[in-house]
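Trainee: 3D, please:
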Amino acid sequence: MVQVAAALLFTLAAGIGVTVILAMLKSNENAILSALLGEGAFPVDAAAQAGPAPQKATLRRAPARREAPRAVRAAIRMQPALSRAA
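Mentor: As a prediction, the model looks like this:
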């Protein structure tokens, strides 16, 4: 009985998986097929071209850093997790 229930659940899960894959293929057919063919979702002509920038951008200099005061840690004596009597 348990094996029959497991087989039915497996069949149901497989059916849902196939349905989801078919729905994705129907909604994004062109993008999925072009990606599978190795073309990618975007054509090469529309991609950004690598090369030198038309103008050099200068970055703003950050102000000098100030040393922030740090908290002083108190010396804490470590105690063993178990007592010696244990």
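Trainee: where does the chain dip in pLDDT?
Mentor: By pLDDT under 70, the low-scoring segments of the chain are 39-51, 53-54, 72, 74-75, 80-81, 83-86.
Trainee: same thing but 80
Mentor: Across the chain, the ranges flagged by pLDDT under 80 are 31-86.
Trainee: could you point out the longest helix in the protein?
Mentor: With secondary structure taken from DSSP state H, the chain has its longest helix at helix 2-27.
Trainee: now the angle from the helix or strand that comes right after that one to helix 2-27?
Mentor: The element immediately downstream of helix 2-27 (helix or strand, assigned by DSSP states H and E) is helix 29-36. Interaxial angle, helix 29-36 versus helix 2-27 (axes from the mean of the first three to the mean of the last three CA atoms, to 10 degrees): 100 degrees.
Trainee: then helix 29-36 to CSV, C-alphas only?
Mentor: Provided in CSV are the C-alpha atoms of helix 29-36 (Å, rounded to 0.1, in the frame of the first residue of the first chain):
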residue,chain,number,x,y,z
GLU,A,29,10.5,30.0,-26.3
ASN,A,30,12.8,32.4,-28.2
ALA,A,31,15.2,33.1,-25.3
ILE,A,32,15.4,29.5,-24.3
LEU,A,33,16.0,28.1,-27.7
SER,A,34,18.6,30.8,-28.6
ALA,A,35,20.4,30.1,-25.3
LEU,A,36,20.4,26.3,-26.1
